[in-house]
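A.B. asks: after the sequence you'll find the predicted model.
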Amino acid sequence: MDFHPSHAGMEYVLARIIQDFMQFMRRTGLSTPQITVLVYIYHSQNYECKLSEIGDLAGSSKPAVSQLVERLVQRGLVERREDPQDRRNTKLRLTDKSLKLIQNVITSNHFLMELMTSMPAKQRETVHAALGYLAQAGQQIQSSQLKKDGKHA
């Protein structure tokens, strides 16, 4: 892909949004790996995924992933249960507490809110629509990647 002048602006905007997000999450006492797991589950179908997916995501050993997930379970952010379709698998699901936390971090992102309020309503609608298209494309890519890897979609 060729470099376009707007890429630098987009990189700045994304970096600032991510920076605000990470600062908020750190104030909650969560580590970067814990945040990564919560966000991954948040973007999974029905806010749930298999424990093995977290292992793939983290590139860590099963004991390390189990320990990471256990800390989230102890904090009441993740529920762990047996997969009724395959009892050998463990399912992870976000709790109401973690859903509120993630939704709170999105709405309290100061830079994003400042950015959006600085634009006229028509531009905000355009950005909202564009982000919706990006989200759909991302979900399609994730779904096809999971199918390719032989995992659920």
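C.D. replies: Thanks, I have it.

A.B. asks: from here on, just use CA atoms for contacts and neighbour counts.
C.D. replies: Noted.

A.B. asks: helix, strand or coil: sort out the residue nearest in space to the middle of the chain for me.
C.D. replies: What sits nearest the mean C-alpha location of the chain, by Cα atoms, centre = their mean, is residue 39, with 2.4 Å. What DSSP: H, G, I helix; E, B strand; the rest coil gives for residue 39 is helix.

A.B. asks: what's the distance between the closest residue to it other than its chain neighbours and residue 41?
C.D. replies: Excluding the flanking residues, the one nearest residue 39 by Cα to Cα, 6 or more residues apart in numbering is residue 102, at 7.8 Å. The spacing between residue 102 and residue 41, counted by Cα to Cα, to the nearest Å, is 11 Å.

A.B. asks: dihedrals phi and psi, residue 79?
C.D. replies: As for residue 79, its main-chain torsions (degrees, to the nearest 10) stand at phi -110, psi 140.

A.B. asks: tell me the confidence at it?
C.D. replies: pLDDT, residue 79: 96.

A.B. asks: neighbours of the closest residue to it other than its chain neighbours, how many?
C.D. replies: Computed as Cα to Cα, 6+ apart, the closest residue to residue 79 that is not its neighbour in sequence is residue 93, at 5.2 Å. When neighbours are defined as other Cα atoms under 10 Å, residue 93 has 23 of them.

A.B. asks: starting from whatever helix or strand residue 93 lives in, tell me which strands it pairs with and how they run.
C.D. replies: In this assignment (DSSP states H and E), residue 93 forms part of strand 86-94. Using DSSP bridges, strand 86-94 pairs in its sheet with strand 48-50 (antiparallel), strand 78-83 (antiparallel).

A.B. asks: buried ones in the next helix or strand after it?
C.D. replies: From strand 86-94 onward toward the C-terminus, using DSSP H and E, the following helix or strand is helix 96-107. Within helix 96-107, the residues that count as buried by 16 or more other Cα atoms under 10 Å are 98-99, 101-102, 105-106.

A.B. asks: would TSV of these with distance to residue 127 be doable?
C.D. replies: Below are those laid out as TSV (distance: Cα to Cα, whole Å):
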residue	distance to residue 127
98	27
99	24
101	24
102	21
105	19
106	16
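
A.B. asks: dump these to CSV, plus pLDDT.
C.D. replies: Compiled in CSV, those are given as follows (pLDDT from 0 to 100):
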residue, pLDDT
98, 94
99, 93
101, 90
102, 87
105, 80
106, 77
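
A.B. asks: that concludes my questions; thank you for your assistance.
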